[in-house]
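Enquirer: Next come a sequence and a model predicted from it.
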Amino acid sequence: MQERMTGRVKEILSWYEADSPGTRANLYRLLMTGTLAGTGKLVILPVDQGFEHGPARSFAKNPAGYDPEYHFQLAIEAGCNAYAAPLGFIETCAARYAGQIPLILKLNNSDSLSKLGGAPISAVTASVKEAVRLGCSAIGYTIYPGSDARNAQYEALRALTEEAKAHGLVVVVWSYPRGTGISKEGETAVDIAAYAAQIACQLGAHIVKVKPPKMMVEHPEAKKVYEEQKIPIGTLAERVRHVVQSSFNGKRIVIFSGGEAKGTEQLLEEIKGIKEGGGFGSIMGRNAFQRPKAEALKLLADVMKIYAT
Amino acid sequence: MQERMTGRVKEILSWYEADSPGTRANLYRLLMTGTLAGTGKLVILPVDQGFEHGPARSFAKNPAGYDPEYHFQLAIEAGCNAYAAPLGFIETCAARYAGQIPLILKLNNSDSLSKLGGAPISAVTASVKEAVRLGCSAIGYTIYPGSDARNAQYEALRALTEEAKAHGLVVVVWSYPRGTGISKEGETAVDIAAYAAQIACQLGAHIVKVKPPKMMVEHPEAKKVYEEQKIPIGTLAERVRHVVQSSFNGKRIVIFSGGEAKGTEQLLEEIKGIKEGGGFGSIMGRNAFQRPKAEALKLLADVMKIYAT
Amino acid sequence: MQERMTGRVKEILSWYEADSPGTRANLYRLLMTGTLAGTGKLVILPVDQGFEHGPARSFAKNPAGYDPEYHFQLAIEAGCNAYAAPLGFIETCAARYAGQIPLILKLNNSDSLSKLGGAPISAVTASVKEAVRLGCSAIGYTIYPGSDARNAQYEALRALTEEAKAHGLVVVVWSYPRGTGISKEGETAVDIAAYAAQIACQLGAHIVKVKPPKMMVEHPEAKKVYEEQKIPIGTLAERVRHVVQSSFNGKRIVIFSGGEAKGTEQLLEEIKGIKEGGGFGSIMGRNAFQRPKAEALKLLADVMKIYAT
Amino acid sequence: MQERMTGRVKEILSWYEADSPGTRANLYRLLMTGTLAGTGKLVILPVDQGFEHGPARSFAKNPAGYDPEYHFQLAIEAGCNAYAAPLGFIETCAARYAGQIPLILKLNNSDSLSKLGGAPISAVTASVKEAVRLGCSAIGYTIYPGSDARNAQYEALRALTEEAKAHGLVVVVWSYPRGTGISKEGETAVDIAAYAAQIACQLGAHIVKVKPPKMMVEHPEAKKVYEEQKIPIGTLAERVRHVVQSSFNGKRIVIFSGGEAKGTEQLLEEIKGIKEGGGFGSIMGRNAFQRPKAEALKLLADVMKIYAT
Amino acid sequence: MQERMTGRVKEILSWYEADSPGTRANLYRLLMTGTLAGTGKLVILPVDQGFEHGPARSFAKNPAGYDPEYHFQLAIEAGCNAYAAPLGFIETCAARYAGQIPLILKLNNSDSLSKLGGAPISAVTASVKEAVRLGCSAIGYTIYPGSDARNAQYEALRALTEEAKAHGLVVVVWSYPRGTGISKEGETAVDIAAYAAQIACQLGAHIVKVKPPKMMVEHPEAKKVYEEQKIPIGTLAERVRHVVQSSFNGKRIVIFSGGEAKGTEQLLEEIKGIKEGGGFGSIMGRNAFQRPKAEALKLLADVMKIYAT
């Protein structure tokens, strides 16, 4: 962790005045680590696909990734702000790399082996106590707004958030709308993405992660407002700006996922849009760890360059 | 908080003798803050629509409202008795405005993204412990009498109420009948509103919030009694009086919501009815924060003038 | 509370030897308060109809009853052994009338606004801790034997009973059979009433409340036994005697409710039957508080006279 | 409790070496009380029929049984090893007869008033804490292997067993197969009875109670094994021997219930079979307390004579 | 436990650096006990079939197995690394054989008597606290990935894992895919087995047990990857190697079950495949305890010989 506190980081920390010094110290660590330290931007490496999609689909393309140690090294060498993973992956190397990079322990996960009826909900697979034991800076939790099981998820998150804050941890919420209330197409509609960010913020998240919003408004009642108020949503930058505004007028950190592995050009284009719209950064998994290491380091460096300028 | 204890406030506090000094101190704060301090009347600013309806539908009309700080400032400048909001909105500014206005932490909330089958129930999104940590004077909780899931709600409220009282907090209950036991039309029928107020009082609420009752009696068995006993329900004032009587003969504070944004004339007319019927005040959200600030301040001042006279 | 311990009260207390001095002291208070003090008989005023049927249906007939204070005064002036009500009604006046009459806090309640599917179950609306805080002598809890949800009720009661006894409180159980196992008619059949009393006693109740049993045997297997053993059930007195015998051969206090408001003659006739059959008393709500006060006091005095002789 | 420790009791206690001295002391009490003290055999009086079948069906035949005191006296006078009953029956007399006979508190019970859908499960009606408070030597718990709700039952029993052992109590499990996995006929098939005993033992029971097994094999896969291995099941003694073997090769105490009231001859014949097969004794309710006292004492003495020889 | 620490054991322990000394000491015990001590390989005797399939089907073939003591002796004499069983079997002999062999307490179990609808889930039948009391080195827990009830299982395991680690115990997870997400055939497909191992590792297991994988890929999306990346799955050794790689690149111990009793030749062939593929050993129940003792000892010795070379 480098020591070069900046005005921007100070400003960001000022939005979290209600938090304990412990939590603010961990936020500081997240903002002051790696290549983007001090810029107020973040690039995070998340690796939960082994759990979510299975090992072969996640790691066969770049078999070094079967080994949990690989991802610690990749995140550190690439100068990421943090590394996020489920319990097992974190636990295997947390002692060896203790303190070298802020860790985000993913507290819930879903696999692709069962159907679980219609209401999406992940299993809680780790705890705040484990995050503390393993020296993590933050917990991560995924909610599915739009799921008929969303009450159980909000209530579990609420309890974990309270416990995490009481232990000086940062709370990162993956807010992924899906379920009976939303069309498949509409899951990344701009109104839905903005609403998902708002919900996570209201639930007390310090950092929110959403998918890049599409030019589409899902809910008819929202549509009326977007048209009446002429909210600009034509470009990705405009849509990102709207999501940032919906995150307490930018007073909560909101970052964007990359989604499926894709071409480098297309990906960097997207990053530029996020940066232009005032997004706080990216969380980039498959696009990083499924490439050969040298290629991944190059890509992450390019992404960081965009955010740093 | 101004120091000008009045006979009326003393009388109101005398109904809460079973409560701890801590809770009575917070009730005192609610009754002795802002323009209406000492009158025994309250006007409260609630802002949970970001969670309930989404950010654009709530704030696009007056974009200053995207920022949580705006609402703290609006409530303070307008001379409201208190400001009510979910965890995220409260947390972002609780430190900066500590002590400047009594805060009501909304402990449960619902979004518009899922259907959740047929039985209305909100998710618990904050806790008494968080209310204490953030320096709040009260907790807020919404029940839906008439919902098939009402037992879970009453039981959750019961536990939160006990905990809140043990921590010196005030309990504010939003009592909104809906569900299979009531027709859509009948949700604001006068018998239903009176019953909803009674239930909240019996559950131990210090302050009850209901919607202004309509001239309609929903339940056939109640209808018989209203006719036999010639209970007057022709005017809003009469209906409000009946609701106040149903709130332990006026020994519990019962206030009324404004509902959807509406015209100023119509709104002030409604306030006059509430005041004439002996209502203890209003809780006014969209009608306040969706107007430009100056207009909102003017409206709130007019409302308070009615209650003050 | 008058100090004139009698042989009968001593005998009754001897059945509760396994209880703590605290619980026995509260049983003593219930048996040594009011007009019937020392007789081993009880007349209790219960007012939970505001919650169960709504305020207008409960109080419009005698509007003094909207005020929680009215019922405290009525119970004290009438010389009742105790006053039973939900949290809100008790809390509003518990401080003002502290110690003047034993209080029974009703820990669960049901309203008439929802359908809740087919299995009757009340919501838990107060706690043992609240009963202790408010200076109550006893808790009250309603079970519905015959309900498909009876397991949840028995288990909740079990836990509350254990906690109440550990805090020196008395446990009063309203045992009202209803649900898929019983016909509507059969809810007050003599075999069902006796069984309901037995269940409450086995669950550890100190005082059991059932409805006056009708001359009807519901269950075919029970019918065989009633006929073979020639159990007399022709008069109310005989049926009450059977219920008392079914309450551990009379070693548990069993009292009877009055049910719907009815004519004075009919009501006093019923009381005579209960008294003759060895019943321990009555719990009388609507028949008392829906009459004008003077009339109610007269009626309660007449009822007590019957029990006292 | 008589002091005449025998080699057989020493041997039995040696199978429970993992238990605390407290639990072993209570096992000792059960084995060293009454007529069969020291023989390693047990005859226990259980009276939960008031709860399970209702008071009239249980006690009208011999009305002395309405009184809880009767059963304490019967068990003591008959020289039983222990008396088992639900909370209410135990509580009424536990103080008066403290120490005179080991008590088994039945922690769950079922009544005949509801249907509860298709999955048999009893309600938890008492606790380990109550067993300790009332000076009991053991807890009793009924499981229904074969029920779709068996997981909830095994898990509740698991927790109660752990708590009971931590408090020095003995655990007695009534293992009664029923539910969708078993035909009505097959509930007492020999393979099912043996399996039921095995499950109770694996769950950590000290004493298991099953019904006398019939000459029938229920499950096809078991049938194959019974035929291949030529397991003898032609006589009751052979079937009992198989059940005892299935109870950890006889290293867990397994006793048998008498079931419905029946003729004396038939009953004593059954006892002889159990004794010959190596069963540890009987638990005999209706056959005892529904007879006139003198007759019941004679019958129990005859039963004990068979076991003692 | 022999004292001859080896380089391989040191290497294995280095993967568990995040664990407490207590847990690592128990891992050491598991790796340093019996014939394979120091080799980094394990052969474990598990006996839960009495619970899972019933006593006759499990033990009639070799009736010595009805007695819990037999299995302790078999495991010790055969030089196994550990013995695994449910509560009852462990409890009966844990004191007599204290310290002579590492014990794994199976914390959940399923019987064959009920259907439980469609979602496979075992009952929790023992606890970490009991494992500690009985001097066990590890807990065992079975999950069914692919079951619609998998969330409840992952969450229960998560809590037990945390508690076990806090008490210095090792966590062994039986990962058996079944349920609506997987065809019956596909339960042991190589992609499913690898995924099952990955899930158990991510949930924090120290040791994972799966079934030997078949040459078949179940999921279409996985199939694409297996073909594209040309993952070799033609021989058992190749498939085992893939499963080991999927267990954090071999940094978690993964062992294989033998399944149904089978011929000796076939079984030893399978062991050779597991050994060649880098598997860490076997868990062998019915193939051991259903043979006469001498035969079982010979077989286990032959198995160990294969692993030792």
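Expert: Structure's in. What do you need? Numbering: from 1, shown residues only, chains lettered A, B, ... in the order given.
Enquirer: Per-residue pLDDT of the residue of the stretch 1-150 of chain A at minimum distance from chain C, please?
Expert: Going by C-beta to the nearest C-beta, chain C is nearest to A:D148 of the stretch 1-150 of chain A, at 18.1 Å. No exception for glycine: its C-beta is placed from N, CA and C like everyone else's. Reading off the confidence values, A:D148 has pLDDT 91.
Enquirer: One more: A:K115?
Expert: Confidence at A:K115, expressed as pLDDT, is 68.
Enquirer: likewise A:E91?
Expert: 97.
Enquirer: Which residues are in contact with it?
Expert: For A:E91, the contacting residues are A:134, E:18, E:204, by C-beta atoms under 8 Å, 6 or more residues apart in numbering or on different chains.
Enquirer: secondary structure class for it?
Expert: The local conformation at A:E91, judged by DSSP: H, G, I helix; E, B strand; the rest coil, is helix.
Enquirer: what's the answer for the one 10 residues further on, then?
Expert: Of the three states, A:I101 takes coil according to three-state DSSP.
Enquirer: That one contacts A:A82, correct?
Expert: Yes. Here A:I101 lies in contact with A:A82, judged by C-beta atoms under 8 Å, at a distance of 6.5 Å.
Enquirer: Sketch out the low-pLDDT regions of the stretch 201-309 of chain A for me.
Expert: Filtered on pLDDT under 70, the stretch 201-309 of chain A yields the residue ranges A:259-261.
Enquirer: go with 90
Expert: A:258-263, A:309 (pLDDT under 90).
Enquirer: So A:I101 and A:A82 - more neighbours on which side?
Expert: A:A82 (28 against 22; other C-beta atoms under 10 Å in any protein chain shown).
Enquirer: Next, the contact list for that one, please.
Expert: A:A82 neighbours (C-beta under 8 Å, 6+ apart): A:30, A:33, A:42, A:44-45, A:75, A:101-104, A:137-138.
Enquirer: Run through the helices of chain A in chain order.
Expert: Counting by DSSP state H, chain A has helices at residues A:7-14, A:21-31, A:49-53, A:55-59, A:68-78, A:87-93, A:128-133, A:150-166, A:190-202, A:220-228, A:236-246, A:264-276, A:286-289, A:293-308.
Enquirer: for these, which one sits closest to E:P86?
Expert: Across the helices of chain A, the minimum distance to E:P86, taken as C-beta to C-beta, is reached by helix A:87-93, at 26.2 Å.
Enquirer: how much space between the residue of the stretch 1-150 of chain A closest to chain C and B:G181?
Expert: In this structure, A:D148 and B:G181 are 22 Å apart, going by C-beta to C-beta, to the nearest Å.
Enquirer: before we move on, what about A:E162?
Expert: Taken as C-beta to C-beta, the span from A:E162 to B:G181 is 34 Å.
Enquirer: now A:P213
Expert: Applying C-beta to C-beta to A:P213 and B:G181 gives a distance of 40 Å.
Enquirer: OK, contacts around the most far-flung residue of chain A relative to its centre?
Expert: Taking C-alpha atoms, centre = their mean as the measure, the residue most remote from the mean C-alpha position of chain A is A:E228, 31.8 Å away. Residues near A:E228 by C-beta under 8 Å, 6+ apart: B:A60.
Enquirer: okay, now the closest residue to A:E185 other than its chain neighbours: neighbour count?
Expert: Beyond its immediate neighbours in the sequence, the residue positioned closest to A:E185 (C-beta to C-beta, 6 or more residues apart in numbering or on different chains) is A:M216, lying 7.0 Å away. Residues within reach of A:M216, counting by other C-beta under 10 Å, total 16.
Enquirer: contacting residues around A:M216?
Expert: Neighbour list for A:M216: A:185-186, A:188-190 [criterion: C-beta under 8 Å, 6+ apart].
Enquirer: change it to 10 Å
Expert: A:M216 sits next to A:183, A:185-186, A:188-192, A:223, A:233, A:239 when contact means C-beta atoms under 10 Å, 6 or more residues apart in numbering or on different chains.
Enquirer: For it, give me phi and psi.
Expert: In terms of degrees, to the nearest 10, the main-chain angles of A:M216 are phi -170, psi 140.
Enquirer: What distance do you get for it to chain C?
Expert: As judged by C-beta to the nearest C-beta, to the nearest Å, A:M216 and chain C stand 39 Å apart.
Enquirer: Counting neighbours, what do you get for A:P220?
Expert: By the measure other C-beta under 10 Å, the count of residues near A:P220 is 7.
Enquirer: Could you provide the helices of chain A in CSV, with additional columns for distance to D:R252?
Expert: Converted to CSV, the helices of chain A look like this (distance: least, C-beta to C-beta, whole Å):
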stretch, distance to D:R252
helix A:7-14, 64
helix A:21-31, 53
helix A:49-53, 42
helix A:55-59, 44
helix A:68-78, 46
helix A:87-93, 39
helix A:128-133, 38
helix A:150-166, 41
helix A:190-202, 54
helix A:220-228, 66
helix A:236-246, 64
helix A:264-276, 66
helix A:286-289, 54
helix A:293-308, 60
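Enquirer: Bridge partners for the residue positioned nearest the centre of chain A, pull those for me.
Expert: Here the mean C-alpha position of chain A is nearest to the C-alpha of A:K209 (C-alpha atoms, centre = their mean), at a distance of 3.8 Å. For A:K209, the beta-bridge partners are A:W174, A:I255 (DSSP bridges).
Enquirer: List the contacts of it.
Expert: So A:K209 contacts A:44, A:46, A:84, A:140, A:142, A:172-176, A:196-197, A:200, A:253-257, A:280-283 (C-beta under 10 Å, 6+ apart).
Enquirer: State the distance from A:T33 to A:I76.
Expert: As it turns out, when the distance is counted by C-beta to C-beta, A:T33 lies 10 Å from A:I76.
Enquirer: so who does A:R178 touch?
Expert: With contact taken as C-beta under 10 Å, 6+ apart, A:R178 is in contact with A:119-120, A:144-147, A:150, A:184, A:186-187, A:192, A:196, B:113-114.
Enquirer: So for stretch A:39-51, mean pLDDT?
Expert: Confidence over stretch A:39-51, taken as the mean pLDDT, stands at 97.
Enquirer: Does chain B have contacts with that stretch?
Expert: No. Applying C-beta under 10 Å from any C-beta of the partner chain, one finds that stretch A:39-51 is not in contact with chain B, the shortest distance being 17.2 Å.
Enquirer: list the buried ones in that stretch?
Expert: Of the residues in stretch A:39-51, A:39-51 count as buried by neighbour count, 16 or more other C-beta atoms under 10 Å in any protein chain shown.
Enquirer: go on, stretch A:228-247?
Expert: Under 16+ other C-beta under 10 Å, the buried positions of stretch A:228-247 are A:231, A:233, A:236-247.
Enquirer: What are the buried residues along stretch A:159-170?
Expert: A:160-165, A:167-170.
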